[in-house]
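> I would like the atomic coordinates for the input below:
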Amino acid sequence: MIEIDGSYGEGGGQVLRTSLSLAALLGEPVVICSIRAGRPKPGLAAQHVTCVRAVAAICNAEVDGDEVGSGAVTIYPGAVRPGEYRFDVGDVKASAGSACLILQTILPPLLYAGGPSRVRIVGGTHVPWSPTADYITYTFLPAIRALGAQAQMHALRGGWYPRGGGEIEAQIEPLAGALQPCDFTRRGETRKITLVSTVSEGLPEHILPRQIRGLREAVGAGGQRAGEISRRIEGGPGTAALVAAEFEGGFAGYSALGERGKPAEKVGAEAGGAFAEFRGTAACVDEHLADQIALYMALAAGRSKVLATEVTMHLHTNMWVISRFLGARFEVTETSGGVLVEVAGAGA
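All right, here's what the predicted structure looks like:
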């Protein structure tokens, strides 16, 4: 049995999620101890319990410790089964726990399940400390499609903190072969920039264009020519703004969430300003995407490399967990243009 120290690195939920993904994918039993030891409220929260139960459902696993507050989880996975699944964080506890992080946990094993899957997840879709549904749709999924993973996702209902109650639906196709390595080290030409303004129903209509205006002005050069998507969605109340960019050799996305008393233009400017800073570097992926695609790089058939703005503690932690399962050796090199992250994939 593989033993994972959940307090390693940033000591958060990423250790658990990556361990669960790889346990199911590889069919390896694992025990994760000291879960979220680095958090003010250690142990499993509702989102993490839902992650454990979702992984258990897709691979018919035996599990011990899947309850709120638990500091250790043991999972004995069976074979991953494609199919139709539905998971609701609210079944564990009323919460805005991230539906997107649950999807990212079950996505890798379902890609290797040998058949298509459709998954609905109820929880938070636009909440702090996690990728928003818009980021998943316009940045994360396009990036892993470049490696050969075929998945689509739509937000059916918005879920903001503290209510949650949002809903996403993902369609996942089985891999036709091994994931292909990526080389995101030369940004090249900008293929497209997309500005996304999301507002829940019940809030004023004028918020949509004001967030777009804040995005355009902050993005600066190219912002006026960027495409835009404005969307009202059930649920909420809440708003979100995103700027997503696709380059010849990379992807990046930056988002911001609205809050009471925060002008809509400022929400857009927060996301657009972060992207403008990124564009001033030579990096080809944003710092969060580097973390989120690390597992796919380590599974690919060949050597992958990305030039990121920085190596976050999240990424350091994720690389450590991945290496415990796959033996993958990540190499991190500081360069004048950013931080180069390389790994020879296992070719799974």
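> Which of the three states applies to E67?
Of the three states, E67 takes coil under DSSP: H, G, I helix; E, B strand; the rest coil.
> Spatially, what comes nearest to it if we skip its sequence neighbours?
V49 (6.4 Å; CB to CB, 6 or more residues apart in numbering). Where you see a C-beta, it was placed from the backbone N, CA and C, and this is true even at glycine.
> my guess is that neighbour is in a helix, correct?
Yes: assigned with three-state DSSP, V49 falls within a helix.
> Who are the contact partners of it?
D66, E67, V68, S70, V92, K93 (CB atoms under 8 Å, 6 or more residues apart in numbering).
> mind running it again at 6 Å?
D66, V68, V92 (CB atoms under 6 Å, 6 or more residues apart in numbering).
> Filter these down to the buried ones and hand me the ChimeraX line.
Those of the contacts of V49 that count as buried under 16 or more other CB atoms under 10 Å are selected in ChimeraX with:
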select :66,92
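> now, which of the contacts of V49 sits nearest K305?
For the contacts of V49, the closest approach to K305 (CB to CB) belongs to D66, at 36.8 Å.
> could you measure that closest one against A94, distance?
Applying CB to CB, to the nearest Å, the value for D66 to A94 is 18 Å.
> likewise T139?
29 Å.
> Which one's more surrounded, those two?
Neighbour tally, T139 and A94, criterion other CB atoms under 10 Å: the higher count belongs to T139, 27 against 13.
> Tell me the secondary structure at the more buried one.
Of the three states, T139 takes helix under three-state DSSP.
> For this structure, give me the ranges with low pLDDT.
For the chain, applying pLDDT under 70 flags the ranges 348.
> Run through the helices of it in chain order.
Secondary structure of the chain (DSSP state H): helices located at 13-26, 46-59, 99-111, 133-135, 141-145, 207-219, 264-279, 287-292, 294-299, 313-326.
> From A298, how far off is the closest residue to R120 other than its chain neighbours?
Using CB to CB, 6+ apart and skipping residues adjacent in sequence, the residue nearest R120 is R86, 4.5 Å away. As defined by CB to CB, R86 lies at a distance of 29 Å from A298.
> which of the two has more neighbours?
Of the pair R86 and A298, A298 is the one with more neighbours under other CB under 10 Å, namely 25 against 14.
> Contacts only, for that one.
Contacts of A298 by CB under 6 Å, 6+ apart are I322, L326, A328, V343, G345.
> Nearest residue to the second one in space, ignoring adjacent ones along the chain?
It refers to L326. A346 (5.0 Å).
> Could you count how many residues lie near the one you found?
Using other CB under 10 Å as the criterion, the residues surrounding A346 number 17.
> same thing with G188?
Residues lying near G188 (other CB under 10 Å) number 11.
> That one against E246, yeah?
No: shown here, G188 and E246 do not form a contact pair, counting by CB atoms under 6 Å, at 10.5 Å.
> since we're on A149, how many residues are nearby?
21.
> Chain neighbours aside, what residue packs nearest to it?
L111 (5.5 Å).
> mind giving me the domain split of this structure?
Residue ranges for the domains of the chain, per automatic domain parsing: 2-177, 188-279.
> Show me the one of those domains that comes nearest V332.
V332 lies closest, by CB to CB, to one member of those: domain 2-177, at 13.6 Å.
> and the end-to-end length of that closest one?
Using CA to CA, to the nearest Å, the end-to-end distance of domain 2-177 comes to 27 Å.
> now stretch 26-35
End-to-end distance of stretch 26-35 (CA to CA): 21 Å.
> ditto for stretch 87-94
Stretch 87-94: ends 13 Å apart by CA to CA.
> which of the residues in it are buried?
Neighbour counts using 16+ other CB under 10 Å place F87, D88, V89, G90, V92 of stretch 87-94 among the buried residues.
> For the last one, list the residues it contacts.
Think V92. So V92 contacts A46, V49, T50 (CB under 6 Å, 6+ apart).
> Run through the residues that contact the last one.
It stands for T50. F87, V89, V92, I102.
> Go again with 8 Å.
F87, D88, V89, D91, V92, G97, I102, G123.
> Roughly how far does the nearest residue to it once chain neighbours are set aside sit from V127?
Of all residues not flanking T50 in the chain, V89 sits nearest, at 4.9 Å (CB to CB, 6+ apart). Separation of V89 from V127 (CB to CB): 11 Å.
> Quickly note the distance from H154 to A283.
29 Å.
> which one of these two has more residues nearby?
The neighbour count for H154 versus A283, taken as other CB under 10 Å, is higher for A283 (26 against 11).
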